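S.K.: Show me the folded form of this:
(one chain, ligands or ions: 1)
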Amino acid sequence: MKFFIDTANLEHIKEAESLGILDGVTTNPTLMAKEGIKGQNNILKHYVTICEMVNGPVSAEVISTDFDGMVAEGNNLAALHPNIVVKVPMIKDGIKAIKYFTDNGIKTNCTLVFSAAQAILAAKAGATMVSPFIGRIDDGNWDGVQLIEQIVHIYGIYGFPTEVLAASIRSSLHIVKCAEAGADIATCPLSSILGLFKHPLTDIGLEQFLADYKKVNG
Ligand code: E4P
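M.R.: Here you go, the predicted structure:
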């Protein structure tokens, strides 16, 4: 399973990248706003900065909701850097735009996906990645991981090449559950990635090993 970091925070990206296990980045307009990135020029510059930091796909989201607007924005984003993946919302014009981008060799991430039905549409349009939002599904008392399993199963039956990108991850356990469910990618906040390291027996065991070494070697 590939690890993407779900942030526009450069320090977080740098820290995840330094671990040597980062495969890509996802952003969205909320994450960009959280970092205080505003104005079209600054937003585009920020995408380029991220692309130069990480050797892998960087999802940049369109804000248009009509076909022509999405195509114009997406072409512009894709021209910024070869790492850019155009993130397009799961709406009718979004699916048409994904088909256009697919036909024109531009990679896409179909976002705001909450059902298997929507994931089938994304795959039919040729999306490179599909983003089911598992945390938001859990928030509504449904099972987000179960949706990942369902989509992986359906894509497997038909051999759809669209990668299942588990998004809206809220915890390290989510990452493990998505790995079990067969997600191709998990996009996670830095805290959930770092949480994967944690086990008290590792800390206790290491402390003991170092103490025993010191006893004999001084
Ligand atoms: C990433 O591609 C999504 O935009 C993001 O994971 C959504 O996460 P949230 O539900 O925590 O806002």
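S.K.: which element is the residue lying closest to residue 6 once chain neighbours are set aside on?
M.R.: For residue 6, ignoring the flanking residues on the chain, the nearest one in space by Cβ to Cβ, 6 or more residues apart in numbering is residue 187 at 4.2 Å. All C-beta spots, glycine's among them, are computed from the backbone N, C-alpha and C. Counting by DSSP states H and E, the element that carries residue 187 is strand 185-188.
S.K.: I'd like to know which elements that strand is packed against.
M.R.: Contacts of strand 185-188 with other secondary structure elements, assessed using 3 or more Cβ pairs under 8 Å, 6 or more residues apart in numbering; DSSP states H and E, are made with strand 2-6, strand 24-26, strand 163-166, helix 172-181.
S.K.: what separates the second one from the chain centre, distance-wise?
M.R.: Going back to what we said before, that points to strand 24-26. Shown here is strand 24-26, whose average C-alpha point lies 5 Å from the average C-alpha point of the whole chain (Cα atoms, centre = their mean, to the nearest Å).
S.K.: Show me what it is packed against.
M.R.: Taking 3+ Cβ pairs under 8 Å, 6+ apart as contact, the helices and strands that strand 24-26 lies on are strand 2-6, strand 58-61, strand 185-188.
S.K.: before we move on, the earlier item: what pLDDT does the residue nearest to residue 6 get?
M.R.: Each residue has a pLDDT score; the one for residue 187 is 98.
S.K.: quick one on the thing from earlier: so which of the helices and strands packed on strand 24-26 comes closest to residue 74?
M.R.: With Cβ to Cβ, the closest approach to residue 74 among those belongs to strand 58-61: 8.8 Å.
S.K.: mind listing what's buried in the helix or strand just after the closest one?
M.R.: The first helix or strand that comes after strand 58-61 along the chain, using DSSP H and E, is helix 67-78. For helix 67-78, the neighbour count (16 or more other Cβ atoms under 10 Å) marks 67, 70, 71, 73, 74, 77, 78 as buried.
S.K.: Alpha carbons of helix 67-78, as CSV, please.
M.R.: As requested, C-alpha coordinates have been extracted for helix 67-78 and formatted as CSV (Å, rounded to 0.1, in the frame of the first residue of the first chain):
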residue,chain,number,x,y,z
PHE,A,67,-17.0,21.0,-17.5
ASP,A,68,-15.3,23.9,-19.3
GLY,A,69,-14.1,25.4,-16.1
MET,A,70,-12.7,22.1,-14.8
VAL,A,71,-11.0,21.4,-18.1
ALA,A,72,-9.4,24.8,-18.2
GLU,A,73,-8.3,24.6,-14.6
GLY,A,74,-7.1,21.0,-14.8
ASN,A,75,-5.0,21.7,-18.0
ASN,A,76,-3.4,24.6,-16.2
LEU,A,77,-2.7,22.6,-13.0
ALA,A,78,-1.3,19.6,-15.0
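S.K.: re earlier: what sits against the residue nearest to residue 6?
M.R.: 4, 5, 6, 24, 26, 131, 165, 166, 167, 169 (Cβ atoms under 8 Å, 6 or more residues apart in numbering).
S.K.: From residue 169, how far off is it?
M.R.: Here the criterion is Cβ to Cβ, to the nearest Å. By it, residue 187 lies 7 Å from residue 169.
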